[in-house]
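1. sequence and predicted structure are below.
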Number of protein chains: 2
Amino acid sequence: MKEFSIIDNYFKKRSYQRKDVLIGIGDDCAVSSVAAGQQLAVTTDTLVKGVHFPEDAAAQAIAHKAVAVNLSDLAAMGAEPAWINLSLSVPEVDENWLDAFSQGMRELCEYYSVQLIGGDTVQGPLSVTITAMGFIPENQALTRSGAKPGDLLYVTGTLGDAALGLDVALNRAEVPYQHRDYLTNRLHFPTPRVLAGTTLRRIATACIDISDGTLAELGHLLRMSQCGALLHVEKLPLSPAMMESTTPEKALDYALAGGDDYELLFCVPEELKGTLDRALLHSNVPITCIGQMTGQAQKLEMQLNKQPFQYERKGFEHFSG
Amino acid sequence: MKEFSIIDNYFKKRSYQRKDVLIGIGDDCAVSSVAAGQQLAVTTDTLVKGVHFPEDAAAQAIAHKAVAVNLSDLAAMGAEPAWINLSLSVPEVDENWLDAFSQGMRELCEYYSVQLIGGDTVQGPLSVTITAMGFIPENQALTRSGAKPGDLLYVTGTLGDAALGLDVALNRAEVPYQHRDYLTNRLHFPTPRVLAGTTLRRIATACIDISDGTLAELGHLLRMSQCGALLHVEKLPLSPAMMESTTPEKALDYALAGGDDYELLFCVPEELKGTLDRALLHSNVPITCIGQMTGQAQKLEMQLNKQPFQYERKGFEHFSG
């Protein structure tokens, strides 16, 4: 496989161009400039066929998801996305597939003004590794460790849709016809909360993106912030598609333990509640307060309509089983 | 596989620490600062088992090579290495293997003051993707496109050793016993020419690292710089191990077409020859002038002792066949 021609033919000419990139694809390295006062956020995520996306996933969907999950990590840090690097392992040179894949990347990159600045292609089992880089004004990074007792706990969007979408895609769940596309699109084409992430700078005390399920990510927040939390499970935001497709109990299960939603889970001091509402008005991202941080380190208390709520994870299967 | 614990157990605690890294492994992104006046160089390389390293390669050697080939790209750009991100795909969690792998990474990172700032581990066929980042003072990047007719053509170190080392490792070549280790080490533990790369800033007009063989890389330089070159093949630097292990004809073949040397190939204006010699005195890197750039775009002329030299590539096999 001629690595050079693949990168050149399918990616270089389609790359969105940014002014801060001085040298893009085609030299030993990319070279770009970071504006004064900005810090650099860097993240890497790898998606493997059969583990992170199904065997028959469309090339465009794989590309979208590979970029989106990385932009989601940047968003969770409050970073504005700028550049990505791609390492693509493919079993063979399939022109149609590469065409669709590069198209999927291009669309998301263009939407978020992100430039592909380099990469490597190798022959091997299908997998996609992306390193995404973005900017954060000095000392404004949203970490997982800044939450304080009393902070309100929020999520963006709705929860559990992608996990239900997975069950739909694998024929493990039947849902009303009109909701199928919405749910499977939530799985295959996640929306990174980029604008919400940058808006939350100087408002949120802690933030994390929900890739492995709400409870798992909340667990990370509690551990890193050495806080506890009281979670009102009846407040978990559910989509109309979710509510019309399954039982309330099962919907809660998806919302608490289902993965791949890529919504943001974040904490805001009570006194900044008004600031938060006003700031997010412009970004058109719905948010829901689902609880409050407490002082008991790593203790999670759950209530359903003010009654204690015991939850046993039903054991969601990802592709990896 | 619990990604979190692998990164935490094997990589985080062993990571070399830099002052410009504000947030390392363990949050959604790493966050670091780029000093004023510095540009960022970024490169990604993936090594796949059976393609870029043999099936039975030691974990420490794989780690060394994965880091080294990326630092070599930074060196070729004149960048000072700073941070790397790792994506590691392993078929299973083998503690001894992970231990040796992280040890191999740590050693090279420590030597070059590079911090591992993040990564992702997935279950799959063994492969290693590293994204390396480094600094270049504004407008001092060494590209492939700046060579001018008349520039002298240089290489660092000796050529062909890694390719002969590969033949030794695969039992395709017999060499004197005392040279085996040197040659296979040149294959498995390449030395990135980091100090030479930064020293060449403002001296070299163009630079590239030799990963795919001298002729192939020279071809890239000629194409990108729209120059030609006259190459004196008798000047190609050969190691004593090479000269004592094979015929002169075969040695030339290794030096011209063998891959994986990771030496630098670069161009310097004649009037900076003295500056070059003085600058590299301190870095202890041997360099050899092997030819000169000409004005005929992409035309490569080769001479052996001032006579025209016709070369037919003998067809080196990499692991990929």
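-> Received, thanks.
2. residue A:119: what's it in contact with?
-> A:7, A:11, A:25, A:85-88, B:44 (CB atoms under 8 Å, 6 or more residues apart in numbering or on different chains). Any C-beta I mention is one placed from the backbone N, CA and C, and that applies to glycine too.
3. what do you get if the cut-off is 6 Å, keeping everything else the same?
-> Going by CB atoms under 6 Å, 6 or more residues apart in numbering or on different chains, residue A:119 touches A:7, A:85-87, B:44.
4. does it lie in a helix or a strand, and which?
-> Residue A:119 belongs to strand A:115-123 when assigned by DSSP states H and E.
5. which positions in that strand come out as buried?
-> A:115-122 (16 or more other CB atoms under 10 Å in any protein chain shown).
6. would you tell me what the next helix or strand after that strand is?
-> Note on strand A:115-123: by DSSP H and E, the next helix or strand toward the C-terminus is strand A:127-137.
7. that next one packs against which elements?
-> Applying 3 or more CB pairs under 6 Å, 6 or more residues apart in numbering or on different chains; DSSP states H and E, we find strand A:127-137 packed against strand A:38-48, helix A:59-76, strand A:80-90.
8. for the longest one, list the C-alpha coordinates in PDB.
-> Okay, so that is helix A:59-76. Taking Å, rounded to 0.1, in the frame of the first residue of the first chain, the C-alpha atoms of helix A:59-76 are listed here in PDB:
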ATOM      1  CA  ALA A  59     -17.500   4.500   6.300                       C
ATOM      2  CA  GLN A  60     -19.100   7.900   6.700                       C
ATOM      3  CA  ALA A  61     -20.500   6.900  10.100                       C
ATOM      4  CA  ILE A  62     -17.200   5.500  11.300                       C
ATOM      5  CA  ALA A  63     -15.400   8.800  10.200                       C
ATOM      6  CA  HIS A  64     -18.100  10.900  11.900                       C
ATOM      7  CA  LYS A  65     -17.900   9.000  15.100                       C
ATOM      8  CA  ALA A  66     -14.100   8.900  15.200                       C
ATOM      9  CA  VAL A  67     -13.900  12.700  14.900                       C
ATOM     10  CA  ALA A  68     -16.900  13.300  17.100                       C
ATOM     11  CA  VAL A  69     -15.700  11.300  20.100                       C
ATOM     12  CA  ASN A  70     -12.400  13.200  20.100                       C
ATOM     13  CA  LEU A  71     -14.200  16.600  19.800                       C
ATOM     14  CA  SER A  72     -16.400  15.500  22.700                       C
ATOM     15  CA  ASP A  73     -13.300  15.100  24.800                       C
ATOM     16  CA  LEU A  74     -12.100  18.600  23.800                       C
ATOM     17  CA  ALA A  75     -15.600  19.900  24.700                       C
ATOM     18  CA  ALA A  76     -15.500  18.300  28.100                       C
END
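9. what's that helix in contact with?
-> By CB under 6 Å, 6+ apart, helix A:59-76 touches A:41, A:43, A:45, A:47, A:53, A:81, A:97, A:100-101, A:104-105, A:108, A:128, A:130, A:132, A:134, A:188-190, A:192-194, A:197, A:207-209, A:262, A:264, B:28-29.
10. now, which of the residues you listed lie within helices?
-> Taking DSSP state H, the ones among the contacts of helix A:59-76 that sit in helices are A:97, A:100-101, A:104-105, A:108, A:188, A:194, A:197.
11. pLDDT score for residue A:266?
-> Note on residue A:266: pLDDT of 98.
12. meant to ask about residue A:5
-> 66.
13. ditto for the one 4 residues further on
-> Each residue has a pLDDT score; the one for residue A:9 is 76.
14. now the helices for the stretch 201-321 of chain A?
-> A:214-225, A:240-243, A:248-257, A:273-281 (DSSP state H, counting those that start in this stretch).
15. my read: residue A:245 touches residue A:175, true?
-> Yes. With contact defined as CB atoms under 6 Å, residue A:245 reaches residue A:175; the gap is 3.8 Å.
16. what about these two, which has more around it?
-> The neighbour comparison of residue A:245 against residue A:175 (other CB atoms under 10 Å in any protein chain shown) goes to residue A:245, with 25 against 19.
17. what sits against the more buried one?
-> By CB under 6 Å, 6+ apart, the contact set of residue A:245 is A:175, A:179.
18. got the phi and psi for it?
-> Backbone torsions of residue A:245, given as degrees, to the nearest 10, read phi -110, psi -10.
19. how near is it to residue A:174?
-> Separation of residue A:245 from residue A:174 (CB to CB, to the nearest Å): 8 Å.
20. ok, residue A:119 next?
-> 40 Å.
21. do the same with residue A:89
-> Residue A:89 sits 35 Å away from residue A:174, going by CB to CB.
22. neighbour-wise, which of these two wins?
-> residue A:89 (25 against 11).
23. beta partners of the more buried one?
-> residue A:122, residue A:127 (DSSP bridges).
24. residue ranges of each domain in chain A, please.
-> Per automatic domain parsing, the structural domains of chain A span A:3-137, A:152-307.
25. lowest average pLDDT across those domains?
-> Among the domains of chain A, domain A:3-137 carries the lowest mean pLDDT, at a mean of 92.
26. just how off-centre is that one within its chain?
-> 15 Å (CA atoms, centre = their mean, to the nearest Å).
27. got it, and stretch A:179-189?
-> 15 Å.
28. now render the helices and strands packed on strand A:127-137 as CSV, adding distance to residue A:311.
-> Shown next, in CSV, are the helices and strands packed on strand A:127-137 (distance: least, CB to CB, whole Å):
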stretch, distance to residue A:311
strand A:38-48, 28
helix A:59-76, 24
strand A:80-90, 35
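29. residues in contact with residue A:157?
-> Neighbours of residue A:157 in contact, by CB under 6 Å, 6+ apart: residue A:263.
30. measure it to chain B for me?
-> Distance, residue A:157 to chain B, by CB to the nearest CB, to the nearest Å: 17 Å.
31. and that residue, what are its phi and psi?
-> In terms of degrees, to the nearest 10, the main-chain angles of residue A:157 are phi 60, psi -150.
32. give me the nearest residue to residue A:119, chain neighbours excluded.
-> In this structure, residue A:119 finds its nearest non-sequential neighbour in residue A:86, 3.7 Å apart by CB to CB, 6 or more residues apart in numbering or on different chains.
33. show me what from chain A comes close to chain B.
-> Within chain A, the residues that sit near chain B (CB under 6 Å from any CB of the partner chain) are A:27-34, A:39-46, A:48, A:73, A:76-77, A:85, A:87, A:118-120, A:122, A:124-125, A:129, A:131, A:141, A:143-144.
34. distance to residue B:179 added to the domains of chain A, as TSV?
-> Compiled in TSV, the domains of chain A are given as follows (distance: least, CB to CB, whole Å):
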stretch	distance to residue B:179
domain A:3-137	30
domain A:152-307	51
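35. so of these, which one's packed in deepest?
-> domain A:3-137 (a mean of 21; mean count of other CB atoms under 10 Å in any protein chain shown).
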